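Novice: Show me the folded form of this:
(one chain, ligands or ions: 1)
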Amino acid sequence: DQSLTLLVQLVNYGIDRYLLVSRDITQLERLETTRKDFVANVSHELRTPLTVLSGFLETLQDMPPDSLTSEQRKHYVELMSEQAARMEAIVSDLLTLSTLESTPVAEPEPVDMSALVHTALQQGRVLSRDQHVFVEHCEPELQLLGVAPELASAVSNLITNAVRYTPKDGTITVSWYRDDDGSAVFSVQDTGIGISPKDLPRVTERFYRADRGRSRATGGTGLGLAITKHVAMRHDAELRIQSRYGSGSTFSLVFPARRIAAAANDGAA
Ligand code: ADP
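Specialist: Okay, here's the model as predicted:
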């Protein structure tokens, strides 16, 4: 979009003297559009579970007290908790995102990435799911200078996505290693559904989903990759995405060599 928006003002500065002032507000206008879209998206994302939740509440209110069996009551409560959990997840991811955008980067400390990988695998109960998960070249001695909670959320988002978008019997390979060029690479490779070339450039946008219905059904908030991209930027890293529609994706965080913590034995020398 090459269009330009100019704000033109006629300023009177004395009798019969006018000054024509023109300002390029293209950037400002774009920011305003982004902000409006964002607010509209947030409202929409929260309204969907809220509507379902109030629907169930109304139904329950209208029912005579004894008309539900305890099984049915349990079922309703479960459905309602799901919607509440969904809203909680959206709000929590929004808060994470706004913290990442508005707070200065904390003092970096050596972070054991392989430990974060193992925690993420356990927390997501990834190992008990239907895919085959491998941890390859995980170098425990390779430590990163960074902020552990931020890195933990990036690692966990990428692993969770691989699980979400890889069907049963697919393969997920997680690696953390030093590349030949000296950079440190965290990567998650899957043999899942992949991303089409049309969607690929947009998946890190907030609430962008390649397949709306399907992605929502997986329980994601649509904010995971936006958060991951921010964490990458705050660690001078690049988020690289390679994907083939229908056959799988590889998401990598590539950290520059200066982000690698000196090995413990180097320091002792
Ligand atoms: P969500 O909560 O919807 O997963 P994300 O921000 O994490 O949101 O991802 C944005 C979109 O990118 C997803 O909705 C999905 O369409 C696509 N995506 C992310 N990871 C993968 C993956 N490993 N394989 C295929 N598609 C993916």
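Novice: those strands in this structure, which residues are they?
Specialist: Secondary structure of the chain (DSSP state E): strands located at 6-12, 18-24, 109-112, 132-138, 143-146, 171-178, 184-190, 238-244, 248-255.
Novice: Would you reformat the ones you listed as a markdown table and include distance to residue 45 and mean pLDDT?
Specialist: Heads up, the C-betas are built off the backbone N, CA and C, glycines and all. Output for the strands of the chain, formatted as a markdown table (distance: least, Cβ to Cβ, whole Å; pLDDT from 0 to 100):
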| stretch | distance to residue 45 | mean pLDDT |
| --- | --- | --- |
| strand 6-12 | 33 | 79 |
| strand 18-24 | 33 | 82 |
| strand 109-112 | 31 | 96 |
| strand 132-138 | 29 | 87 |
| strand 143-146 | 30 | 96 |
| strand 171-178 | 27 | 95 |
| strand 184-190 | 25 | 97 |
| strand 238-244 | 22 | 97 |
| strand 248-255 | 23 | 98 |
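Novice: which one of those lies closest to the ligand?
Specialist: The ligand sits nearest to strand 248-255 of all these, at 4.4 Å, using Cβ to the nearest ligand atom.
Novice: what angle separates that closest one from strand 184-190?
Specialist: For strand 248-255 against strand 184-190, the angle by axes from the mean of the first three to the mean of the last three Cα atoms, to 10 degrees is 170 degrees.
Novice: partners of strand 248-255, with directions?
Specialist: Strand 248-255 pairs in its sheet with strand 184-190 (antiparallel), strand 238-244 (antiparallel), by DSSP bridges.
Novice: neighbours around residue 195, how many?
Specialist: Using other Cβ atoms under 10 Å, residue 195 has 22 other residues around it.
Novice: how close does it sit to residue 143?
Specialist: Taking Cβ to Cβ, to the nearest Å as the measure, residue 195 falls 31 Å from residue 143.
Novice: quick one: low-confidence ranges for the stretch 101-250 of the chain?
Specialist: 124-129, 213-216 (pLDDT under 70).
Novice: so what's the residue of it found nearest the ligand up against?
Specialist: Of all residues in the stretch 101-250 of the chain, the one sitting closest to the ligand is residue 220 (2.0 Å; Cβ to the nearest ligand atom). Shown in contact with residue 220 (Cβ atoms under 8 Å, 6 or more residues apart in numbering): 160-161, 164, 209.
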